[in-house]
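Q: Predicted model follows, preceded by the sequence.
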Amino acid sequence: MSFTEKLKQMVSGSAPAQEMQHTDVRSVLLSAPDHIQEGQQLADKFIIPDAANVQHLTFVGMGGSMHPAFLLRTYLENIGCKKQLNIIRDYTIPSWVSKKGFLILISYSGNTAETLSAYRQAYREGYKMLVITAGGKLKESAEKNGISLLVLPSGYQPRHSVYIMIGALLQILQNSGIIEKHEKLIEEAVRILHKPIFETMGKQLAEKINGKIPVIYTTSKLGDVAQRWKICFNENTKIHSFCNIIPELNHNELNAYITRKGAFHILFLVDDEETKAHRSRISATKLIVKEEGYPTTEIVIKGPSYLARLLSAVHIGDWTSYYYAKHMGVDPAQVAVIERFKKLLDE
C-alpha cells in the first residue's frame with residue numbers, strides 16, 4: 001500500500017487500530033482544565049534565578065510546543081508585564097538575543113530538530129536556560145549537562161499539552177516574581193473551563209462552518225488565540241484555515257473580498273471587553289464581508305478576568321476543530337503528513 005493510500009485510510013479513520021494509534025481527543029479536552037493545575041504542581045519548585053535583573057525571556061521551539069509561549073506573551077502584554085518577551089522558531093538563536101536574559105526551550109517530544117539545534121548553541125555559548133519536554137534527546141542532553149529541566153507527562157500530541165504548559169509557565173513566572181500571585185485567577189478559570197457549554201459551543205460552531213474554510217479575525221487581545229484556532233483546524237480537521245488581526249487587515253486583506261469568491265466562513269473572535277475603536281472596526285469589517293456574500297459568525301468571549309477569557313477562547317477553538325474533524329469524517333489525532341515529512345528529512 002502506498003503512503004498516499006495509507007494516509008487516506010488514517011485520515012478517514014478506516015485504518016487498522018494498530019496503525020492509527022488513535023488518541024481519545026474528547027477525553028483529553030474534557031480533562032484539559034485539570035491539566036492547568038497539574039502544570040502548576042509540576043513547576044511548583046521552579047524559579048528563574050535573579051529574575052528581577054533578567055533583561056528578557058526568550059522562548060525557543062516549534063509547532064504545538066510553542067502555543068503556550070505565544071498565549072503567554074499575549075497575556076503578559078495585556079496585563080502590563082514590563083519584561084521583554086521574545087519568541088524564536090528556528091535552528092539558531094539570533095545574535096541580538098542577549099546573554100543577560102533567560103531562555104525557555106520547549107519541545108514536547110524532545111526530538112524537534114530546530115529546538116535541539118538551538119539548545120546545543122545555547123549550551124555552547126553559555127546562555128541561562130530552562131528546558132521543558134516530555135522526553136527524547138532534549139531531556140537526555142539536559143540531564144547530562146545539568147540544565148534546569150521540567151519534565152512533562154508523555155502520551156499527548158504537542159498541541160494538546162498547551163494547558164499543562166500554560167499552568168507550568170504561569171507558576172514559574174509567579175515563583176520568580178515576574179507576575180503577581182495567580183492562584184485565584186487560575187482556580188476561577190479552571191472552574192469556568194469545566195462547564196459543558198464549551199463542548200456545546202464547539203459542536204454548534206463546527207456545524208455552522210459546514211464544510212467551508214474557516215477564516216478567523218480578531219484583535220491583538222486574542223491574536224495568538226486565532227493563530228491557535230488556525231493551527232488546530234490544520235492539525236485536527238486537516239483543512240486549510242487562515243487568520244488575521246484587526247485593524248491591520250482593514251488596510252489590505254479586506255480588499256480581497258471584492259474579486260474571486262472563496263469557500264470561506266468568517267469567524268469574528270471578540271473579547272467582551274474590547275475597546276470601542278476595535279468594536280467599531282469589527283462591526284464594519286463584518287458588514288462588508290456579509291455584503292460580499294460570505295457567511296459570518298461572531299463569537300463573543302466572556303469571563304470575569306482576561307485570563308479566563310483567553311483560556312476560554314482557546315478551549316472553544318479546540319472543541320470546534322475536534323467536532324469539525326468529526327463532521328468531516330477525519331481522525332483529529334492523526335498528523336500523518338507531518339510525520340511523513342519528518343521521515344523524508346531523515347532519509
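A: Sure, I can see it. Numbers count the residues shown, from 1 in each chain.

Q: how about Ser154, secondary structure?
A: Per DSSP: H, G, I helix; E, B strand; the rest coil, the secondary structure class of Ser154 is coil.

Q: and the closest residue to it other than its chain neighbours, how many neighbours?
A: Nearest residue to Ser154 in three dimensions, chain neighbours excluded: Ala134, at 4.3 Å (Cβ to Cβ, 6 or more residues apart in numbering). C-beta coordinates here come from the backbone N, C-alpha and C atoms, glycine included. Neighbour count for Ala134, taken as other Cβ atoms under 10 Å: 21.

Q: Now do the contacts for Ala134.
A: Tyr108, Ser109, Gly110, Val151, Leu152, Pro153, Ser154, Gly155, Tyr156, Ser161 (Cβ atoms under 8 Å, 6 or more residues apart in numbering).

Q: Any idea how many residues pack against the fifth one?
A: The criterion is other Cβ under 10 Å. On that basis, Leu152 has 24 neighbouring residues.

Q: repeat for the last one
A: Using other Cβ under 10 Å, Ser161 has 27 other residues around it.

Q: Where does Ile132 sit, in terms of helix or strand?
A: strand 129-133 (DSSP states H and E).

Q: in the chain, which spans are strands?
A: 56-61, 84-88, 102-107, 129-133, 148-151, 213-218, 242-245, 264-271, 296-301 (DSSP state E).

Q: Within the sheet, what are the partner strands of the longest one, with directions?
A: The sheet places strand 264-271 alongside strand 213-218 (parallel), strand 296-301 (parallel), with pairing taken from DSSP bridges.

Q: quick one on the thing from earlier: state the distance from the residue nearest to Ser154 to Asn236.
A: According to Cβ to Cβ, to the nearest Å, Ala134 and Asn236 sit 20 Å apart.

Q: With Val60 instead?
A: Val60 is 25 Å from Asn236, by Cβ to Cβ.

Q: For those two, indicate the residue with more neighbours.
A: Val60 (31 against 28).

Q: ok, what's across the strand from that one?
A: Ile88, Leu105.

Q: okay but it is in contact with Thr92, surely?
A: No - contact criterion Cβ atoms under 8 Å: Val60 and Thr92 do not qualify, at 9.8 Å.

Q: what residues are shared contacts of those two?
A: Joint contacts of Val60 and Thr92 (Cβ under 8 Å, 6+ apart) are Ala118.

Q: Check the spacing between the residue nearest to Ser154 and Asp44 real quick.
A: For Ala134, the distance to Asp44 - Cβ to Cβ - is 18 Å.

Q: Over to Ser312?
A: Separation of Ser312 from Asp44 (Cβ to Cβ): 25 Å.

Q: How about Glu273?
A: In terms of Cβ to Cβ, Glu273 sits 31 Å off from Asp44.

Q: can you give me the helices in the stretch 101-250 of the chain?
A: Per DSSP state H, counting those that start in this stretch, the stretch 101-250 of the chain carries helices over the ranges 113-125, 136-145, 162-175, 183-193, 197-209, 223-232.

Q: okay, the strand holding Ile132 in CSV with CA atoms only?
A: In CSV, the C-alpha atoms belonging to strand 129-133 read as follows (Å, rounded to 0.1, in the frame of the first residue of the first chain):
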residue,chain,number,x,y,z
MET,A,129,18.1,28.4,30.3
LEU,A,130,15.3,26.0,31.3
VAL,A,131,14.3,23.0,29.2
ILE,A,132,10.6,21.9,29.1
THR,A,133,10.0,18.5,27.5
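
Q: Show residues contacting that strand.
A: 46, 48, 102-110, 119, 122-123, 138-139, 142, 147-152, 165, 168, 172.

Q: on that earlier part again, export the contacts of Ala134 to TSV and append columns for pLDDT.
A: Shown next, in TSV, are the contacts of Ala134 (pLDDT from 0 to 100):
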residue	pLDDT
Tyr108	96
Ser109	95
Gly110	97
Val151	98
Leu152	97
Pro153	95
Ser154	92
Gly155	89
Tyr156	90
Ser161	94
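
Q: any idea how the chain splits into domains?
A: 25-189, 195-328 (automatic domain parsing).
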